[in-house]
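J.: Structure, please.
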Amino acid sequence: MKILVTAGNTQTPIDQVRCITNIFTGRTGAKIALEAARQGHDVHHLTSHPEVLTALAGETPAPPLRVSSYRTFDDLSDLMARTIPGGGFDVIIHAAAVSDYTLAGVFAPGPSGLVDVAAGKVKSSHPELWLKLTPTAKLVDRIRDPWGFRGRLVKFKLEVGPSEEELLAIAEKSRLQSQADFMVANTLEGCNEWALVGPIAGRYERVSRAELARRVLELVDGVGTRQCE
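T.: Purely as a prediction, here's the structure:
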């Protein structure tokens with residue numbers, strides 16, 4: 001199969017030297033990309049942390065796969081927009097931890113209200129800063145339309161603090177929203193130990209982190225039609 005795997009975090013620049021980001025390094029997506037390549041699939045890996053592939057491979061030579069790197073939300077959006085249409089992918093596994101907000105302004109208190117203080121490097125002398133953040137587009141929701149992908153789509157979802165029952169409800173609603181065939185869902189508290197994967201015969205199964213890459217690839221290799229239709 002021809003597989004696209006996204007992984008890593010995106011940065012939201014505040015200025016040319018500072019950014020807002022998240023804690024994820026793309027290890028899960030990298031493990032899936034490496035396992036897919038080792039199985040002989042044609043893999044294109046989009047990641048903000050290409051060094052993770054080398055670290056995971058260790059002393060064993062990494063199997064051949066194409067790697068494209070990005071840094072910001074806009075970088076990833078542009079890269080996916082160029083790569084997906086006409087890319088001929090059978091499977092897209094979207095594991096990247098994409099920023100939910102982008103910066104719309106940097107402000108500091110002034111004599112008559114907030115003053116725009118955006119700069120190449122915002123001065124550290126301000127008594128306080130106000131950042132205006134606005135929602136980003138959901139890149140996973142663009143994969144089907146407008147980017148035209150008709151293959152098998154795997155979405156990832158992470159939540160903080162829900163019960164397993166609540167996580168299942170959130171995951172399935174999110175899967176349908178994005179027209180994804182499969183969902184990998186977990187919690188921050190359990191993300192190093194397990195994930196819920198599905199639907200498989202209408203149900204989600206609990207998979208250990210050690211088995212996740214193999215199980216996801218088995219899933220996309222064994223389905224012939226999209227579950228969301």
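J.: Neighbours of residue 81, how many?
T.: For residue 81, the neighbour count with other C-beta atoms under 10 Å is 13. Where you see a C-beta, it was placed from the backbone N, CA and C, and this is true even at glycine.
J.: So it, which state does it fall into?
T.: Three-state assignment for residue 81 (DSSP: H, G, I helix; E, B strand; the rest coil): helix.
J.: Next up, the contacts around the residue positioned nearest the centre of the chain.
T.: For the chain, the residue nearest the mean C-alpha position is residue 96 (1.6 Å; C-alpha atoms, centre = their mean). Residues near residue 96 by C-beta atoms under 8 Å, 6 or more residues apart in numbering: 6, 7, 8, 9, 10, 26, 29, 46, 47, 48, 76, 139.
J.: Apply 6 Å and report the result again.
T.: Residue 96 makes contact with 6, 7, 8 under the criterion C-beta atoms under 6 Å, 6 or more residues apart in numbering.
J.: and what of residue 196?
T.: 185, 204, 206.
J.: Pretty sure it sits in a strand.
T.: Yes - looking at residue 196 with three-state DSSP, it is inside a strand.
J.: Tell me the bridge partners for it.
T.: Listed beta-bridge partners, residue 196: residue 185, residue 206 (assigned using DSSP bridges).
J.: So which of the contacts of residue 196 wins on neighbours?
T.: residue 185 (23 neighbours).
J.: For that residue, give me its contacts.
T.: Per C-beta under 6 Å, 6+ apart, neighbours of residue 185: 157, 167, 171, 196.
J.: Run a quick neighbour tally on the first one.
T.: Right, the one you point to is residue 157. 21.
J.: how near is residue 118 to residue 13?
T.: Distance from residue 118 to residue 13, counting by C-beta to C-beta, to the nearest Å: 11 Å.
J.: typed the wrong thing, it's residue 1
T.: Taking C-beta to C-beta, one finds residue 1 at 35 Å from residue 13.
J.: Could you do residue 219 as well?
T.: Relative to residue 13, and taking C-beta to C-beta, residue 219 is found at 36 Å.
J.: Neighbour count for the two, which is higher?
T.: Using other C-beta under 10 Å, the more surrounded residue of residue 219 and residue 13 is residue 219, with 22 against 16.
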